[in-house]
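Asks: Give me a model of this one.
(one chain, ligands or ions: 1)
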Amino acid sequence: MPPMGTLPLFEADATAARRAAELRDMLNEHCHRYHVLDAPTISDAEYDALFHELRALEAAHPEMITPDSPTQRVGAPAAEGFAKVAHPRPILSLANAFDAADARAWRERLLRHAESLGLAERTAAARFVVEPKIDGLTVVLTYRDGVFTQGATRGDGAIGEDITTNLRTLRRVPLSLRSNAHPHAPTTLVVRGEVFVTLPDFERMNNQLRTAGEKPFANPRNFAAGALRQIDPALTARRPLTAYFYAVVASSGGTTPATQWQTLAWLGTLGLPVSDIPQHFDDFDAAVAFCERYVTQRDDLPFEIDGMVIKIDDLELAELLGYVGRDPRGALAFKFPAREATTVLRDVAISVGRTGNIVPAAVLDPVQVGGITIANATLHNFEDIARKDIRIGDRVIVKRAGDVIPYVAGPVVDARTGAERAITLPTTCPFCGAVLTKREGEVALYCLNDECAGRTDRAIQHYVGRGAMDIEGLGEKIVAQLIEAGFVSDVADLYALQKDQLLTLDKFAEKKAQNLLDAIAASRNRPLERLLIGLGIRHVGEVAARALARRCGSIDAMLTTSADELQKIDGVGKIIAESVVDWAARPTVHTLVAKLQAADVNPTQTPVIDAPDEPPQGPFAGKTFVVTGTLSQPREEIAAWIEARGGKVTDSVSKKTSFVVVGDEPGRSKVDKATALGIPTIDEQGLRSL
Ligand code: IVH
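Replies: Residues are numbered from 1 along each chain as shown. Okay, the predicted model is just below:
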């Protein structure tokens with residue numbers, strides 16, 4: 001092809017127009033593959049090159065710019081706020097059910113109503129689609145001749161606000177539909193969906209806001225709402241919003257599917273993002289069981305759902321069944337118990353963990369969260385309290401998800417009266433008076449007094465636990481009783497317990513006392529690795545304890561092995577080795593070990609010196625990780641967590657690296673090297689789910 005300059009002008013223009021159209025199609029296709037299908041076929045750099053080429057062409061020929069051009073995602077701010085938009089049909093709501101019984105009652109009502117309409121048989125035979133009820137913001141999008149022309153909020157259901165320019169900035173919202181896939185696609189199509197933010201994106205954004213000294217968002221929903229209602233679309237564009245679509249609101253000039261199940265698939269083929277969670281059911285009870293499954297499974301989803309939606313699959317039937325007020329009879333929200341609530345923070349109590357870590361706990365006015373009453377919740381650490389600016393007397397947001405310990409997410413700043421008091425940082429341990437210290441690179445405060453009374457019960461509980469010395473019948477309450485009575489002050493004292501001592505305790509009779517003594521005596525024969533776990537050496541979990549026991553053979557040998565030697569053991573690693581040496585250097589440790597040995601607790605095993613190490617066990621066995629950037633815990637903790645699962649952690653990226661775990665503000669050189677070597681990078685959530 002001759003250079004452009006030598007072509008007659010109109011011909012050059014025609015070529016440019018053709019190329020621009022081609023680039024638009026390619027970019028829209030790749031955008032869809034990347035953001036909707038999660039299956040890109042070109043690199044980011046190649047995408048950028050195409051994008052710049054199109055932008056240059058459009059700059060030279062502004063008349064070629066089309067509204068669905070990918071260069072047009074971020075437009076100019078609306079001069080006078082958001083215009084009002086009338087929806088073509090009411091944007092309905094849903095009736096709620098809170099459990100399976102509610103759901104079945106809905107179905108019974110539905111069948112009775114259907115009978116009065118002469119639809120009994122059709123309704124009794126109806127199938128159901130169950131979808132996640134995403135806790136985001138409802139949006140209504142209009143496509144004319146396949147091009148995105150208008151996007152609106154739900155508003156009052158009849159009239160919403162025109163947020164077209166903001167919605168255009170969402171990469172998951174196609175600017176043009178892939179209508180060519182459907183010769184009979186409607187000329188006007190209005191669809192409904194939910195805009196939301198994923199939980200990792202939400203956490204990341206809130207952390208950035210906190211770092212910048214700005215107010216974080218109370219929850220993902222508020223975040224999404226705030227982002228969509230920005231007057232300047234450039235601000236919306238910077239917020240990581242995403243969307244799922246699930247319904248046709250109205251259409252004309254073509255056909256749309258007859259069932260909800262087909263609708264979901266059809267929306268997907270048009271290029272709109274659709275959730276892959278929905279299922280369809282012949283049997284209503286199976287549909288309800290599916291909803292119930294998600295009461296716990298929602299904890300594994302990367303976004304918030306507040307329930308499931310059960311829908312009659314037959315859309316014509318659903319329409320015929322009519323409405324009660326704003327709620328269609330043919331659909332039902334199966335709501336989950338709320339996992340967050342607000343209450344008043346009355347005080348901050350302090351407890352000491354097994355390793356001496358100081359844990360601030362919130363004393364709350366009791367409140368229901370996720371189906372249980374909560375009066376205490378963790379505040380993580382004092383740095384977190386300061387970062388979130390939590391004060392005594394604050395109305396606070398309390399969250400709880402699945403097995404996660406309830407925690408205080410933050411204050412409701414707008415509810416402040418001025419009477420709130422700052423939370424002061426303790427300088428000494430409330431149990432033993434020792435001066436508290438911080439470990440390098442960590443935010444937690446520690447009481448380093450091994451004999452601190454506040455730690456004794458945790459240490460004993462850990463020692464007797466199932467994964468350690470497994471002493472049956474020695475639960476939390478009895479440990480507390482033994483300490484309270486002054487019978488034990490460390491784990492070695494357990495072996496000196498006498499039956500007449502136990503008989504003085506509340507609820508102890510002959511048999512129970514004897515059983516406990518027998519169980520304690522039996523623990524003398526546990527393997528060395530169990531004892532090592534039980535002693536609660538920092539970072540020494542199951543895998544490391546097994547490796548140490550195999551190589552050292554006895555506690556005495558372990559106490560005298562250098563960090564260099566320990567590190568050579570497969571499954572031990574640098575962090576664990578240093579922790580063992582630190583531990584071995586403490587005089588209190590020597591006293592305790594001697595006391596245990598005197599009590600005949602001194603398991604040994606023949607050390608394996610020359611044989612090759614048993615391959616490390618655990619899910620990360622044989623895998624090498626590099627950790628970079630800020631994660632939810634100090635890097636050392638993350639490394640120990642990996643090592644405890646059989647993985648290795650190194651400082652630099654090489655061909656031998658299996659994964660690079662990337663946190664906030666990672667070391668660029670590590671990330672670049674990983675990319676260059678084709679080593680997968682994962683975030684913390686990715687690591688945890690490996
Ligand atoms: S169906 C007739 N399906 O939940 C259609 N709603 O009151 C009625 N929502 O804010 C809505 N996910 O936007 C439906 N898969 C889903 C949904 C869903 C979230 C929202 C909806 C509304 C609320 C229901």
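
Asks: Ile533 and Val543 touch, don't they?
Replies: No - contact between Ile533 and Val543 fails when scored by CB atoms under 8 Å: they sit 10.3 Å apart. C-beta here means a position set from N, CA and C on the backbone, and glycine is covered the same way.

Asks: For the longest helix belonging to the chain, output the C-alpha coordinates as CSV.
Replies: With secondary structure taken from DSSP state H, the chain has its longest helix at helix 9-31. Output of helix 9-31 as CSV, limited to C-alpha atoms (Å, rounded to 0.1, in the frame of the first residue of the first chain):
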residue,chain,number,x,y,z
LEU,A,9,-7.6,12.8,0.0
PHE,A,10,-11.0,11.1,-0.1
GLU,A,11,-9.4,7.7,-0.6
ALA,A,12,-7.1,8.2,2.4
ASP,A,13,-10.2,9.1,4.4
ALA,A,14,-12.0,6.0,3.3
THR,A,15,-9.0,3.9,4.3
ALA,A,16,-8.8,5.6,7.7
ALA,A,17,-12.6,5.1,8.2
ARG,A,18,-12.3,1.5,7.4
ARG,A,19,-9.3,1.1,9.7
ALA,A,20,-11.1,3.0,12.5
ALA,A,21,-14.1,0.7,12.2
GLU,A,22,-11.9,-2.4,12.2
LEU,A,23,-10.0,-1.1,15.3
ARG,A,24,-13.3,-0.4,17.1
ASP,A,25,-14.5,-3.9,16.4
MET,A,26,-11.3,-5.4,17.5
LEU,A,27,-11.0,-3.4,20.7
ASN,A,28,-14.6,-4.0,21.6
GLU,A,29,-14.1,-7.7,21.1
HIS,A,30,-10.9,-7.8,23.2
CYS,A,31,-12.5,-5.7,25.9
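
Asks: Show me what counts as buried in stretch 219-227.
Replies: Asn219, Pro220, Arg221, Phe223, Ala224, Ala225, Ala227 (16 or more other CB atoms under 10 Å).

Asks: Please read the previous query as pertaining to stretch 453-466.
Replies: Gly454, Arg455, Thr456, Asp457, Arg458, Ala459, Ile460, Gln461, His462, Tyr463, Val464.

Asks: for the longest helix of the chain, packing partners?
Replies: helix 44-60 (3 or more CB pairs under 8 Å, 6 or more residues apart in numbering; DSSP states H and E).

Asks: before we move on, the earlier item: which residues sit against the longest helix of the chain?
Replies: Residues from elsewhere that reach helix 9-31, judged by CB atoms under 8 Å, 6 or more residues apart in numbering: 4, 7, 40-42, 47, 50-51, 53-54, 57-58, 60-61, 64, 66, 68-70, 171, 174-176.

Asks: Try it again at 6 Å.
Replies: Met4, Ile42, Tyr47, Leu50, Leu54, Leu57, His61, Met64, Ser69, Pro70 (CB atoms under 6 Å, 6 or more residues apart in numbering).

Asks: Generate CSV for these, with neighbour count, distance to Asp162 and pLDDT as supplementary columns.
Replies: Formatted as CSV, those follow (neighbours: other CB atoms under 10 Å; distance: CB to CB, whole Å; pLDDT from 0 to 100):
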residue, neighbour count, distance to Asp162, pLDDT
Met4, 12, 40, 47
Ile42, 15, 34, 82
Tyr47, 18, 30, 85
Leu50, 17, 31, 91
Leu54, 23, 27, 92
Leu57, 18, 30, 90
His61, 14, 29, 88
Met64, 18, 26, 85
Ser69, 20, 20, 87
Pro70, 20, 22, 86
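
Asks: and of the residues you listed, the nearest to Glu108?
Replies: Pro70 (50.7 Å; CB to CB).

Asks: now the closest one, nearest residue through space, not along the chain?
Replies: Of all residues not flanking Pro70 in the chain, Leu27 sits nearest, at 4.4 Å (CB to CB, 6 or more residues apart in numbering).

Asks: if I look at the one you found, how far off is Ser43?
Replies: Between Leu27 and Ser43 the distance is 14 Å, computed by CB to CB, to the nearest Å.

Asks: between those two, which one's more packed in?
Replies: Set side by side, Leu27 and Ser43 show more neighbours around Leu27, with 19 against 10, by other CB atoms under 10 Å.

Asks: Surely Phe82 touches Gly160?
Replies: No - using CB atoms under 6 Å as the test, Phe82 is too far from Gly160 to be in contact (8.9 Å).

Asks: how close does Gln260 get to Leu317?
Replies: Taken as CB to CB, the span from Gln260 to Leu317 is 11 Å.

Asks: Show me which residues of this protein sit near the ligand.
Replies: 92-94, 131, 133-134, 138, 194, 246-247, 309, 328, 331, 333 (CB under 6 Å from any ligand atom).

Asks: could you dump these to JSON lines with pLDDT and secondary structure?
Replies: Shown next, in JSON lines, are the residues of the chain next to the ligand (pLDDT from 0 to 100; DSSP: H, G, I helix; E, B strand; the rest coil):
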{"residue": "Leu92", "pLDDT": "87", "secondary structure": "coil"}
{"residue": "Ser93", "pLDDT": "88", "secondary structure": "coil"}
{"residue": "Leu94", "pLDDT": "91", "secondary structure": "coil"}
{"residue": "Glu131", "pLDDT": "98", "secondary structure": "strand"}
{"residue": "Lys133", "pLDDT": "96", "secondary structure": "strand"}
{"residue": "Ile134", "pLDDT": "94", "secondary structure": "strand"}
{"residue": "Thr138", "pLDDT": "94", "secondary structure": "strand"}
{"residue": "Glu194", "pLDDT": "97", "secondary structure": "strand"}
{"residue": "Tyr246", "pLDDT": "97", "secondary structure": "strand"}
{"residue": "Ala247", "pLDDT": "97", "secondary structure": "strand"}
{"residue": "Val309", "pLDDT": "98", "secondary structure": "strand"}
{"residue": "Pro328", "pLDDT": "92", "secondary structure": "strand"}
{"residue": "Ala331", "pLDDT": "96", "secondary structure": "strand"}
{"residue": "Ala333", "pLDDT": "95", "secondary structure": "strand"}
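
Asks: Could you identify the most distant pair in those?
Replies: Ile134 and Pro328 (18.0 Å).

Asks: what kind of secondary structure is Ala105 in?
Replies: At Ala105 the chain is in helix, as set by DSSP: H, G, I helix; E, B strand; the rest coil.

Asks: Please work out how many residues are found near it.
Replies: 12.

Asks: And the pLDDT at the closest residue in space to it that isn't next to it in sequence?
Replies: Closest residue in space to Ala105, ignoring its immediate chain neighbours: Ala97 at 7.7 Å, by CB to CB, 6+ apart. Confidence at Ala97, expressed as pLDDT, is 92.

Asks: surely Ala97 meets Arg104?
Replies: No - the criterion here is CB under 6 Å, and Ala97 misses it with Arg104 at 8.7 Å.
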